[in-house]
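Q: sequence first, then the predicted structure:
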Amino acid sequence: MLLTTTSTIEGHEIDRYLGIVSSEVVLGANAIKDMMAGFRDFFGGRSNSYERAFQETREAALRELEDRAKALGADAVVGVRLDFQTVGTGGMMMVGATGTAVKMK
């Protein structure tokens, strides 16, 4: 299934719009990752553990978005948007994905 941030798919015609699909995935950051990120912040450099966590969470949100679109009989999802937010005060992060499920001709 094709997921795209654009509203059209070059070379293909949309037959039907099946509706908005969305997914949310929440990631809890544990104390060790927080401590290691603190060291990186203090000494400089990138936080590989956080980058991996962001990547895994983003990929999970997109997989869930695709699954929900498939359940509607979609061939693709257009206009995909990703949103990153912190949730609560405990260091949890949410990745939300939305888009429009479509059936192609």
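A: Arrived safely, thanks for sending.
Q: every contact and neighbour count from this point should use C-alpha atoms.
A: Will do.
Q: who touches the longest strand that the chain contains?
A: Secondary structure assigned by DSSP state E gives strand 14-28 as the longest strand of the chain. The contact list for strand 14-28, computed with CA atoms under 8 Å, 6 or more residues apart in numbering, reads 8, 53, 57-58, 60-62, 64-65, 68-69, 72, 74, 90-105.
Q: select from those every entry located in helices.
A: Judged by DSSP state H, the subset of the contacts of strand 14-28 located in helices is 53, 57-58, 60-62, 64-65, 68-69.
Q: could you look up the SS state of residue 46?
A: Classification of residue 46 by DSSP: H, G, I helix; E, B strand; the rest coil places it in coil.
Q: so where's this protein uncertain?
A: 29-45, 47, 90-91 (pLDDT under 70).
Q: ok, back up a step: just the buried residues out of the contacts of strand 14-28, in PyMOL syntax.
A: Of the contacts of strand 14-28, the buried ones go into a single PyMOL selection, burial set by 16 or more other CA atoms under 10 Å:
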select buried, resi 53+57+58+60+61+62+64+65+68+69+74+93+94+95+96+97+98+99+100+101+102+103
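Q: residue 96 and residue 60 touch, don't they?
A: No. Look at residue 96 against residue 60 with CA atoms under 8 Å: they stay out of range, at 10.0 Å.
Q: with distance to residue 84 as added columns, please give the ones in helices among the contacts of strand 14-28 in JSON lines.
A: Below are those laid out as JSON lines (distance: CA to CA, whole Å):
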{"residue": "53", "distance to residue 84": "12"}
{"residue": "57", "distance to residue 84": "10"}
{"residue": "58", "distance to residue 84": "9"}
{"residue": "60", "distance to residue 84": "13"}
{"residue": "61", "distance to residue 84": "11"}
{"residue": "62", "distance to residue 84": "13"}
{"residue": "64", "distance to residue 84": "16"}
{"residue": "65", "distance to residue 84": "15"}
{"residue": "68", "distance to residue 84": "20"}
{"residue": "69", "distance to residue 84": "21"}
